[in-house]
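Novice: could you look at this predicted model? Sequence included:
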Amino acid sequence: MHVMPLLLLIAGCAVVAGAARRTPVPPPLLLVTVGLAVSYVPGVPEYTLDPDVVLPLLLPPLLYTAATDSSYLDLRASIRPVALLSVGYVLFATLVVGWAAYLIVPDLPLTAALVLGAVVAPPDAVAATAVARRVGLPSRLTTILQGESLVNDATAITAFKVALAAAVGEGATWAGGIGEFLVAALGGIGIGLLLMVPIHWLRTHLKEALLQNSLSLLIPFFAYAVAEQVHASGVLAVVVVALYLGHRSWQVDFATRLQEEAVWKMVAFILESAVFALIGLQLPIVLKGLGEYEGARAVWYAVALFLVVVGARFVWVYPATYLPRMLSRRIREREENPTWKGPFIVGWAGMRGVVSLAIAFSIPPTMHGGEDFPGLNLILFLTFTTVIGTLVVQGLTLPPLIGMLKLPGRDAQAETLAEANAQAQASRAAERHLDELLEDERNALPPPLAERLRSVLERRRNAVWERLGSVNPVTGETVDDTYRRLAREMISAEREVFVKLRDARYIDDEMLRTLLRRLDLEEAAAYRESAT
């Protein structure tokens, strides 16, 4: 791809994603819709999803940022439903959707139909995370969907390789397929376990935030490439490393964390926006070679396959939710009995995405004997319609569906109370440590400065409790909200003076940047506290 089309794509995606934040429509859906519309505008370049770009260059950073934002402890607590969805459901969907496609489409060989089943089996990590963030799902459901989307690509890619080997005549067997899956899964996890400790050690021993964040940008690509080099799952290697680094991010210095958060938010924003726009832009490409399948017949196949994909997920989700409870007394004792609503939302939240399209575009056009791959253009078309159908139909209806079912959301009051108690314990520990430090004559401070340290602790401790208390009837602010707002107003006044002094040549630009950075850090601290 030339530079100008790439720049236009990124700029256009940023504009649309930014505009979507001002509308009730989730950004992924607006990006896909705009991509569909723009794909037929005269003069728009043809953007082809190259699997050699999407899988090694787009998938690792998206998985990395999703995994570092996930909770290792929450995922460990939900390991059973996550495994049943990310492994069991993907294999089940591969077989069910493949068999249905074989029955629905005349002359489509079963091996080619199973390739299609593996392609559309995995719900997309980007779509699931983006929609879950926007609609505010209960925390356990969000954890399950995020955990599923982090791992299911590895299952689907392995299932695809096995089905493709059978379709092109490489003689795949069930035993060989199971062996390949185990090698890929265990190898990917093993590579991740081998890499995570030395990478974390390197992160904590680099002294400059810029070097640490440069390393952070390389980590997902490095983990993915190492695993794929030994025919293991690059997806699982990235996820394992990211979960470990995210769990231990507190051991990295504050400057690195601040920069890293900003850098990865920007990277995720650009890549997620580009991914959804690229999905819509594929329409002319997948329609180009339909040939004999054009018209009402192709539409019928698409609708039928969409219904099978949606229905198969419900067929798996409900037994996977209730059967383990029926078979295990320990599960019944440890976990609350789920209502039908939670599994229904999990079943409806199975949006497909760019990984399915990238895998589909990696199908070779010819087989070992030189014959054309059977139904390739139809497989691309059905993959595209399934992705668009799930994103639009399920993505648009998921927020109102959650509202109609009245799912219990996060308990903001309980979370604030827990935060206040945690802050109180931390402040008391810090105050005791400060007393110990001040007893040492090497740490002698004038009383006003020592009192300032105590007042900072007290303000942090009181800020969370005030969110539980009364607010100003005029402004709606708590006392601490007002304090922070006034502090930022004062900082703004200081900033204006510094700029005027620079303009008057009383100070130079270098000194101005030093003074402004000091104010920026103070304002960032106030902003971050008010955003919590």
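Specialist: Yes, it's here. Numbering: from 1, shown residues only.

Novice: just checking, which helix or strand of the chain averages the lowest pLDDT?
Specialist: When the helices and strands of the chain are compared on mean pLDDT, DSSP states H and E, helix 125-135 comes out lowest with a mean of 63.

Novice: gap between the two ends of stretch 328-347?
Specialist: Taking Cα to Cα, to the nearest Å, the first and last residues of stretch 328-347 lie 23 Å apart.

Novice: now it: average pLDDT?
Specialist: Averaged over stretch 328-347, pLDDT sits at 87.

Novice: separation between the residue located most distally from the centre of the chain and Val162?
Specialist: Each residue of the chain has a distance to the centre, and by Cα atoms, centre = their mean the biggest one is for Glu441: 50.3 Å. Separation of Glu441 from Val162 (Cβ to Cβ, to the nearest Å) stands at 71 Å. Glycine gets a C-beta too; all of them are placed from N, C-alpha and C.

Novice: swap in Val355?
Specialist: Distance, Val355 to Val162, by Cβ to Cβ: 17 Å.

Novice: ok, now Ser139?
Specialist: Taking Cβ to Cβ, one finds Ser139 at 35 Å from Val162.

Novice: could you do Phe361 as well?
Specialist: Here Phe361 is placed at a distance of 19 Å from Val162 (Cβ to Cβ).

Novice: of the two, who's got more company?
Specialist: The neighbour comparison of Phe361 against Val162 (other Cβ atoms under 10 Å) goes to Val162, with 23 against 19.

Novice: what residues sit buried inside the host helix or strand of that one?
Specialist: Element membership for Val162 (DSSP states H and E) is helix 139-167. Neighbour-count burial for helix 139-167, counted by 16 or more other Cβ atoms under 10 Å, picks out 140-167.

Novice: how far off centre is that helix?
Specialist: How far helix 139-167 lies from its chain's middle: 14 Å, per Cα atoms, centre = their mean, to the nearest Å.

Novice: who does the very next helix or strand once past that helix touch, helix- and strand-wise?
Specialist: Going down the chain from helix 139-167, the next helix or strand is helix 174-205, by DSSP H and E. Contacts defined by 3 or more Cβ pairs under 8 Å, 6 or more residues apart in numbering; DSSP states H and E place helix 174-205 against helix 139-167, helix 209-229, helix 234-247.

Novice: and the angle from the second one to helix 174-205?
Specialist: What it means is helix 209-229. For helix 209-229 against helix 174-205, the angle by axes from the mean of the first three to the mean of the last three Cα atoms, to 10 degrees is 160 degrees.

Novice: could you check the angle helix 209-229 makes with helix 234-247?
Specialist: Between helix 209-229 and helix 234-247, the angle comes out at 150 degrees (the same axes, to 10 degrees).

Novice: what sits up against helix 209-229?
Specialist: Contact partners of helix 209-229, identified using Cβ atoms under 8 Å, 6 or more residues apart in numbering, comprise 56-57, 59-61, 63-64, 187-188, 191-192, 195, 199, 202-203, 206, 233-238, 241-242, 245, 252-253, 255-256, 258-260, 263-264, 267.

Novice: just the buried ones among these, please.
Specialist: Neighbour counting over the contacts of helix 209-229 (16+ other Cβ under 10 Å) leaves 59-61, 63-64, 187-188, 191-192, 195, 199, 203, 206, 233-238, 241-242, 245, 252, 256, 258, 260, 264, 267 as the buried ones.

Novice: helices of the stretch 1-150 of the chain, start to end?
Specialist: Secondary structure of the stretch 1-150 of the chain (DSSP state H, counting those that start in this stretch): helices at 3-20, 27-38, 51-53, 59-68, 72-77, 79-83, 90-104, 110-120, 125-135, 139-167.

Novice: please tell me I have it right and Leu457 contacts His433.
Specialist: No - counting by Cβ atoms under 8 Å, Leu457 stays clear of His433, with 10.3 Å between them.

Novice: more neighbours: which of those two?
Specialist: A direct count of neighbours by other Cβ under 10 Å for Leu457 and His433 places Leu457 higher, at 16 against 10.

Novice: who are the neighbours in contact with the more buried one?
Specialist: Counting by Cβ under 8 Å, 6+ apart, Leu457 makes contact with 427, 430-431, 434.

Novice: taking those, please make a ChimeraX selection of just the buried ones.
Specialist: With 16+ other Cβ under 10 Å as the criterion, this ChimeraX line picks the buried residues out of the contacts of Leu457:
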select :427,430,434
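
Novice: ok, of the contacts of Leu457, which one's closest to Glu489?
Specialist: When these are compared for distance to Glu489 (Cβ to Cβ), Ser427 wins out at 26.2 Å.

Novice: just want the most central residue of the chain.
Specialist: With Cα atoms, centre = their mean applied to the chain, the nearest residue to centre is Ala66, 3.4 Å.

Novice: that residue reaches Leu150, doesn't it?
Specialist: Yes - using Cβ under 8 Å, Ala66 is in contact with Leu150, at 6.3 Å.

Novice: any idea how far the residue nearest to Val54 when sequence neighbours are not counted lies from Leu30?
Specialist: Leaving aside its sequence neighbours, Val54 sits nearest to Ala358 (Cβ to Cβ, 6 or more residues apart in numbering; 3.7 Å). Going from Ala358 to Leu30 by Cβ to Cβ gives 22 Å.

Novice: who has more neighbours out of those two?
Specialist: Ala358 (24 against 20).

Novice: thought that one was touching Pro56?
Specialist: No - with contacts counted by Cβ under 8 Å, Ala358 stays clear of Pro56, the gap being 10.2 Å.
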